[in-house]
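Participant: Model the structure of this input:
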Amino acid sequence: MKTDKNTNALNAENTNESSGALLRKAVKKNAKYLVGIVLFSVVTAGFTAVNPVFYKKIIDEAIPNRDIKTLLFCVALMAAFPVVNVGISLLRQRCVFNFTDKCERELRTQFFAKILRMNYPAFMELGPVKLMSVITRSTGRIIELFLSTDVITGVSAVFQSLLIFGIIFRYNKIIAAVTFVVVPVIFIAIKFFQDKIGNLQKDYLRILNRGEKFFLQVFNGMKTVRSYSGQEKEKAGLKQWLDEVSKNKWDIEKSNITVRTFIPVAAAQVVLGGIFTFCAFSVMKDTMTIGILVAVITYVPMLINSIQSILNMGIGKISISKILDDLDSILNEEDEYDGGNKDEIPNSGSLAFKDVDFTYGRENFDLKIENLEIEEGDFVTIVGTTGGGKSSVMDIINKYYPITSGSVSFDGVSIDEIGTDTLRRHISTMFQDVYMFNGTIAENIAYPGKPDPDRVNEVMEKAQLTEFVGKLPNGAQEIVEADGANFSGGECQRIALARMLYKEADIYLLDEPTAALDANTSKAIFDVLADENRNGKTIIAITHDAGKATYGNKVIVVSGGRIIEYGPPAKLLEQNGAFASLYEAQTKMD
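Facilitator: Residues are numbered from 1 along each chain as shown. Next up, the predicted model:
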């Protein structure tokens, strides 16, 4: 979602690089390891290619001349070179590990940083599952499967191919020419299947994405699935997806077998047959030695295997093209709008809305606030219908969503002129959907800083947590599982309230702070908020409870994206309007 006045600023600040550019930057940053890989690859390629030379020397020189010294020398080197090659391969592998590990770390760090600064509507639209997959799976596939397996192996194969071709050329130019002509033929044949594999790989990733959406839908709606006995329907959906996966995987496997096995083997056999026949006739005519024949017959399969490794780089690149597209779609998302250059603003707590128009296109929602002033030290409660726009007010204040037109000012300064981090340092928010991090209760309260035990105890007392925490085996050091899985909703809500109070801020924003609490605890919480307000804090609290709304000195009634009433609660009750009706209805229910 973009706004008219902020679009240019967003585009001006959007300096995101493509995934390919980030990958190149990571490679360049760790070039020293790549140099080591290349050097060790050259050496290992040389050691691998040298054995057939010894075969020739033994067959053509040592055996005919009964030269024991040459025979033992060649055999000793043939035995020693593989051992030395293992040691060099270990050094090369260490370079490979350092190179891929650091590149992978760099990519994951860059994408995580991008997600942290991504504009909030895009973050919500992409969803946690896709973003988690990007950091854990997609970046790993690029580095481990493509860069580590295909590219680095391909680089080694290039040097080995050049060396082998040079040796064959030195032995016999005709054989070298035949081998050189066959190589393009293999390239063309494999290229045909590469494109097919690439399309199949893209289809496979699309199928996996559909599977993730299917599982997410089922798991999120598990209560509904069980309540309506929908298990068989979902099993049928799973079978359909699994059948699609199996068919696609078999199509990929068939193409891979063709490219990686059938074509190279068939080519090798055809070339070997032709070359062996040519060499055999040459030996019969005494124009070629048996040693050269053995060496050439040994080298040709090695050369074709090397060519196959080089071609695998192309297959790997095609295979990850869809991943790169997905990564680019994330990198191309605009960052969270900042726009402000003010790093310091007065320590106050006043807010003003002037002709604000906020449109959320995806939900076709429109919020209008013509003129609203919240003064320093106000305790404002917001009530109204579900979906009326109450939570949107908090999102606008926090700059999670930009407004379409109008202005919102903090202490007389437009929030567009205030740096986002600066603004949020002055605001402490308790969201309706509270979230607990995996850590201790104290760490959750003091997030993201280090807990101050005295301060933690103080806010736990205010949040009605002291008695509950005191009964736990480890007190405030009790571990909270991710998303508070080992605590009740009410307990998590009170921890979240303590977290909000722990942060020193001018304004407290609360969205349904007592929704999961009993009546006595709810009253105690609002008593605490009233105390905080008397101590100078500006408080804006959304509540469904009209009775609790009377704690504030001002009430905002929202309906259909409009403020229909605003003023002191006593005055609104006297007017017998929307707030009075809501208050009366809830009082009768109680």
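
Participant: Now the residue lying closest to S488 once chain neighbours are set aside: which helix or strand?
Facilitator: In space, and not counting its chain neighbours, S488 is closest to A516: 7.6 Å by CB to CB, 6 or more residues apart in numbering. Yep, even glycine has a C-beta here, placed from its N, CA and C like the rest. Assessed by DSSP states H and E, A516 sits outside every helix and strand.

Participant: what's around A516, how many residues?
Facilitator: By other CB atoms under 10 Å, 17 other residues sit near A516.

Participant: Then Y171?
Facilitator: Neighbour number of Y171 under other CB under 10 Å is 21.

Participant: Where do the helices of the stretch 51-200 of the chain begin and end?
Facilitator: 68-117, 120-126, 128-133, 139-140, 152-171, 173-220 (DSSP state H, counting those that start in this stretch).

Participant: list the buried ones in the second one?
Facilitator: Taking 16 or more other CB atoms under 10 Å as the neighbour-count basis, helix 120-126 is seen to contain the buried residues Y120, P121, A122, F123, L126.

Participant: Does the last one touch I330 like I think?
Facilitator: Yes. The pair formed by L126 and I330 meets the contact definition of CB atoms under 8 Å, at 6.8 Å.

Participant: show me the contacts for the closest residue in space to Q110 that isn't next to it in sequence.
Facilitator: Closest residue to Q110 apart from its sequence neighbours, by CB to CB, 6+ apart: L22 at 5.4 Å. Contacts for L22 were tallied using CB atoms under 8 Å, 6 or more residues apart in numbering; they are E106, L107, Q110, L331.

Participant: which residues touch the first one?
Facilitator: With contact set as CB under 8 Å, 6+ apart, E106 has these partners: L22, K25, A26, K29, N30.

Participant: now, which of these sits nearest K390?
Facilitator: Nearest to K390, judged by CB to CB, of these is L22 at 40.3 Å.

Participant: and the one helix or strand that closest one maps to, which residues are buried?
Facilitator: Assignment of secondary structure by DSSP H and E places L22 within helix 19-29. The neighbour-count check on helix 19-29 (16+ other CB under 10 Å) flags S19, L22, L23, A26, V27 as buried.

Participant: got CSV for those, with distance to R206 and pLDDT too?
Facilitator: Below are the buried residues of helix 19-29 laid out as CSV (distance: CB to CB, whole Å; pLDDT from 0 to 100):
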residue, distance to R206, pLDDT
S19, 18, 83
L22, 24, 87
L23, 22, 84
A26, 27, 87
V27, 28, 85
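
Participant: which among those gets closest to F437?
Facilitator: Closest approach to F437 among the buried residues of helix 19-29 (CB to CB): L22, at 28.1 Å.

Participant: ok, so what distance separates that closest one from P128?
Facilitator: Using CB to CB, to the nearest Å, one obtains 22 Å as the distance from L22 to P128.

Participant: number of nearby residues for S227?
Facilitator: That count, for S227 with other CB under 10 Å as the rule, works out to 9.

Participant: Repeat that for the one 5 residues further on.
Facilitator: Applying other CB under 10 Å, we find 8 residues neighbouring E232.

Participant: any idea which helix or strand carries it?
Facilitator: Assigned by DSSP H and E, E232 falls in helix 231-257.

Participant: Return the set of buried residues in that helix.
Facilitator: For helix 231-257, by 16+ other CB under 10 Å, it's E234, G237, W241, E244, N248, D251, I252, S255, N256.

Participant: And stretch 289-305, by the same measure?
Facilitator: Applying 16+ other CB under 10 Å to stretch 289-305 flags 289-296, 298-300, 302-304 as buried.

Participant: Could you export these as TSV, including pLDDT?
Facilitator: As requested, those are exported to TSV (pLDDT from 0 to 100):
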residue	pLDDT
T289	90
I290	91
G291	90
I292	89
L293	88
V294	89
A295	88
V296	86
T298	86
Y299	85
V300	80
M302	83
L303	81
I304	76
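
Participant: right, and the pair among the residues you listed with maximum separation?
Facilitator: Every pair of the buried residues of stretch 289-305 checked by CB to CB; the farthest is T289 and I304, at 23.3 Å.

Participant: what about the stretch 201-350 of the chain, any weak spots by pLDDT?
Facilitator: Low-confidence segments of the stretch 201-350 of the chain, defined by pLDDT under 70: 259-260, 264, 268, 314-319, 322, 338-343, 345-348.

Participant: Quick check: phi and psi on V408?
Facilitator: Per-residue torsions, V408: phi -130, psi 130 (degrees, to the nearest 10).

Participant: can you list contacts of stretch 168-181?
Facilitator: Here stretch 168-181 makes contact (CB under 8 Å, 6+ apart) with 165, 271, 274-275, 278-279, 282, 288, 292, 295-296, 299-300, 303.

Participant: Break the protein into its domains for me.
Facilitator: Taking automatic domain parsing as the criterion, the chain consists of the domains 17-331, 351-589.

Participant: pLDDT averaged over the last one - what is it?
Facilitator: When pLDDT is averaged along domain 351-589, the result is 88.

Participant: same thing with stretch 130-139?
Facilitator: 80.

Participant: Walking through the stretch 351-500 of the chain, point out its helices one by one.
Facilitator: Going by DSSP H, counting those that start in this stretch, the stretch 351-500 of the chain shows helices at 390-397, 420-425, 441-446, 453-462, 466-470, 489-502.

Participant: winner for burial among these?
Facilitator: Here the criterion is mean neighbour count by mean count of other CB atoms under 10 Å, and of these the winner is helix 441-446, at a mean of 24.

Participant: helices or strands up against that helix?
Facilitator: Other helices and strands packing on helix 441-446, by 3 or more CB pairs under 8 Å, 6 or more residues apart in numbering; DSSP states H and E, are helix 453-462, helix 489-502.

Participant: I37 is nearest to which of the helices of the stretch 351-500 of the chain?
Facilitator: Comparing the helices of the stretch 351-500 of the chain by CB to CB, helix 420-425 comes nearest, at 41.1 Å.
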